[in-house]
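>>> Give me a 3D structure for the following:
(2 chains)
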Amino acid sequence: MFGLIGHSTSFEDARRKALELGYDHIAAGDLDVWCSAPPQLVEHVEIKSPSGKTIEGAYIDSCFVPEMLGRFKTARRKVLNAMELAQKKDINITALGGFTSIIFENFNLLQHQLVRSTTLEWERFTTGNTHTAWVICRQLEINAPALGVDLSKARVAVVGATGDIGSAVCRWLSVRTGVAELLLVARQQQPLIDLQKELGGGRVLSLEEALPEADVVVWVASMPRTLEIDQTKLKSPCLMIDGGYPKNLDSKFAGSGVHVLKGGIVEFFQDIGWNMMELAEMEKPQRQMFACFAEAMILEFENCHTNFSWGRNNISLEKMDFIGEASVRHGFSTLNIKPQVHQAAVA
Amino acid sequence: MQTVETHQVAVLDRPNGSEGHLPDFNSENYKDAYSRINAIVIEGEQEAHDNYVSIGTLIPDKSDELLKLARMELKHMRGFTACGKNLGVTADMKFAKEFFSPLHGNFQEALTAGKLTTCFLIQAILIEAFAISAYHVYIRVADPFAKKITEGVVKDEYLHLNYGQEWLKANLATCKEELIQANKVNLPLIRSMLDQVAKDASELSMDREELMEEFMIAYQDSLTEIGLDNREIARMALAAVV
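Next up, the predicted model:
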C-alpha cells in the first residue's frame, strides 16, 4: 500500500473541503482548532498500471495549512502526526507532499523519530524529489524544442540550483540533456561554487543577471513575492518551468513569448477515482498529480519499499533513470504545454 | 516539492526557536502551577481506580480483571504523588476534586442507572484519552524523575484504553446510540477541563494546542478502534468544538 501526505493550499480551501467531506467539527473551527486537529486518512484509492498490476493507497490530510508556517511547533507536529498515522496504518511507502517535506527537512525532523509510542521507520517515507527532478528535466527536454528552443544552443537557468531537486536537475541537464550552458542561481554562494565544481561547468549568476540570458528557466526555489521582472528583457521564446511550491509563476509572467509550465506534475494514463487532487487545483484532478506523490505509487508498483528519495543531494542519475523508466512503464506522462499555446508561440 | 515563498523561507530557516527549552522546575510559579496539575493527575488516577471498581459491579464476571486495572491506577497515583514530593510541592486536592466533579457526577449517575456504555465512555475513552494525551505532552517537558514515572504509566494506560475499547467494540451494535449521546454530554466537559488547566499547563511548558491535539488523536484512535467510521467520529468530535 502507498500513502500520500498532503494538505490544502489555504485555510479557506481546507475548511471548504472539510465541510464537503463531512468533517464538520474541523470545518467549523477557527485556525486554533485546525492547529489541534489530528491528521485524517480521508481517502482510499485503487490504481491499475498499464502492466495490469493493481495497487492500493491512501491519502492522509495532515490538517496543516500554509497559514501555520509561522508556528513551527504546530507545523512540526502536523507532519510527524501524519507520518505516524501512515505508519500505524501499515502503509509501505508514503510521499511527503507540498510543504510537508520542506518542513521535515528544514525543521530537522530526523531528530524526532519517536512520536508517542511509535518509532518512525524512515524507510516507509520518501520526499518524491527524485521523480520530481526527473519529471522537470523531461518537461524541459520535451517542451523547449516544441517552443523552438534548440537545447544544444540554449542557456538554462536553474533557480535554486543547490537544493535537492535543483542540483539533481543540474546534473541531469549537464550530463544527459547536453544544454549549451547552465546558469546557476541560488541564495548561498559557497554551495553554488561547490556545485559548479561538481558539474565541471555552469556559470554562477544572480537572478537579475541570469534571467535576460536564459532560454529556459527552471524554478525550484522560492521566488521573492516582491520580485519585479522587466519582461521586455526576457528572451522570446522563453520557457519557464515552475517547479516550486506553491505554483504562482504564471501570475508573474503573463506576457507573450514567455511560456509558463507547471513543473513536476504528471498525468496518469487513465482516471483515478479520487477527489484529493482537486485540493491541489489540478486542471484534470482525476489524472494529474504532483510527481512526488506519483513516486510513492511507482515505488509501490515496483515493490520498492524504501525511502527512495531522502536527505539532501542524494539524487543520482541512476536513481533518476530508475524512477523515470518505471514512471513511463506504469502509465505516467509529464504535463506539457498545451498544443494551441505552443502553436501560437511558434507562429 | 521543495520550494517556498521567501517570506515563508524566513520562517522555515529559523527552526526550533524554543527547542529543548525546559521550564525551571524549582521556580515558585512552576511549583504553584504544579500543585494543581499534580493534584489533577493524582485525583484522576484515584477516580480511575474507583471507576474501574464500580464498572466491575456492573459486569461481575469481569470484576477480577477490572480490579487488576484499578490496582494499577493506584500504583500510578503513588508514582505521581512521589513526583510532587520530589519537587517539594503539596498537591491541591481540593481543587482537583472540584475539577473532576462534573465528570464524576455524570459517571455516578450512569452507574446508578446501570448505563455501562456511558461509564465506559467516560472512563475508558474520555478520561484515559485525556490522561494519555496529557502524559505524552508532559513527558517532553517533565523533570527527569517525573519523566521516568510518566513513561511507565503511559505504557499501562494503553492497556486500559484497550480494555474499554474491546468491550465497546464487541457491543457496538447495541451501544452505539448511548455512546453517541453520552459523548455529546461528556466531551464538552473534557474541553472545559482543558481550558481550566491551560494556564497552569502552560507554566509547565505544556501548550493547550498540543494538549488538545494529543487528546483528539487518542480520542479518534479509540473511536476508530471501536469501529466507528470517519464521519461518525467527526460528528462526535464536533461536541469538543462548538
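
>>> Name the helix or strand for the closest residue to B:R208 other than its chain neighbours, please.
Using CB to CB, 6 or more residues apart in numbering or on different chains and skipping residues adjacent in sequence, the residue nearest B:R208 is B:A198, 4.1 Å away. C-beta: built from backbone N, CA, C; applies to glycine. Taking DSSP states H and E as the definition, B:A198 sits inside helix B:172-203.

>>> near chain B, which residues of the stretch 151-300 of chain A show up?
A:160, A:163-166, A:219-225, A:243-246, A:248, A:264, A:290, A:292 (CB under 8 Å from any CB of the partner chain).

>>> and these, which of them are in helices?
The helices, defined by DSSP state H, take in A:164-166, A:292 from these.

>>> Closest to chain B out of these?
Using CB to the nearest CB, A:I165 is the member of those that lies nearest chain B, at 4.9 Å.

>>> so what's the closest one up against?
By CB atoms under 8 Å, 6 or more residues apart in numbering or on different chains, the contact set of A:I165 is A:129, A:132-133, A:136, A:220, A:243, A:264, A:315, B:2.

>>> hmm, 10 Å instead?
With contact taken as CB atoms under 10 Å, 6 or more residues apart in numbering or on different chains, A:I165 is in contact with A:127-136, A:158, A:218, A:220-221, A:243-244, A:263-264, A:291-292, A:309, A:315, B:1-3.

>>> ok so, going back, the residue nearest to B:R208: how many residues sit nearby?
B:A198 sits with 16 neighbouring residues when counted by other CB atoms under 10 Å in any protein chain shown.

>>> Pretty sure it sits against B:V137.
No - taking contacts as CB atoms under 10 Å, B:A198 lies outside contact range of B:V137: 12.0 Å.

>>> Angles on the backbone of residue 131, please.
Unless you meant another one, I'm taking chain A. In this entry, A:H131 is assigned phi and psi values of phi -70, psi -40 (degrees, to the nearest 10).

>>> Go ahead and confirm it touches A:I298.
Yes - using CB under 10 Å, A:H131 makes contact with A:I298 at a distance of 6.7 Å.

>>> Identify the contacts common to these two.
A:95, A:266, A:291, A:308, A:322-324, A:326-327, A:332.

>>> Please name the residues that touch A:G178.
Neighbour list for A:G178: A:151-152, A:154 [criterion: CB under 10 Å, 6+ apart].

>>> Using PyMOL, define a selection of the buried residues within the residues you listed.
Here is the PyMOL selection string for the buried members of these, based on 16 or more other CB atoms under 10 Å in any protein chain shown:
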select buried, chain A and resi 151+154
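
>>> now the helices for chain B?
Counting by DSSP H, the helices of chain B are B:6-12, B:28-58, B:63-86, B:93-112, B:116-120, B:128-139, B:144-170, B:172-203, B:208-226, B:230-237.

>>> Export those as TSV, with columns for distance to A:E283 and mean pLDDT.
Converted to TSV, these look like this (distance: least, CB to CB, whole Å; pLDDT from 0 to 100):
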stretch	distance to A:E283	mean pLDDT
helix B:6-12	25	45
helix B:28-58	53	97
helix B:63-86	56	95
helix B:93-112	52	98
helix B:116-120	49	97
helix B:128-139	41	94
helix B:144-170	44	88
helix B:172-203	41	96
helix B:208-226	34	94
helix B:230-237	28	88
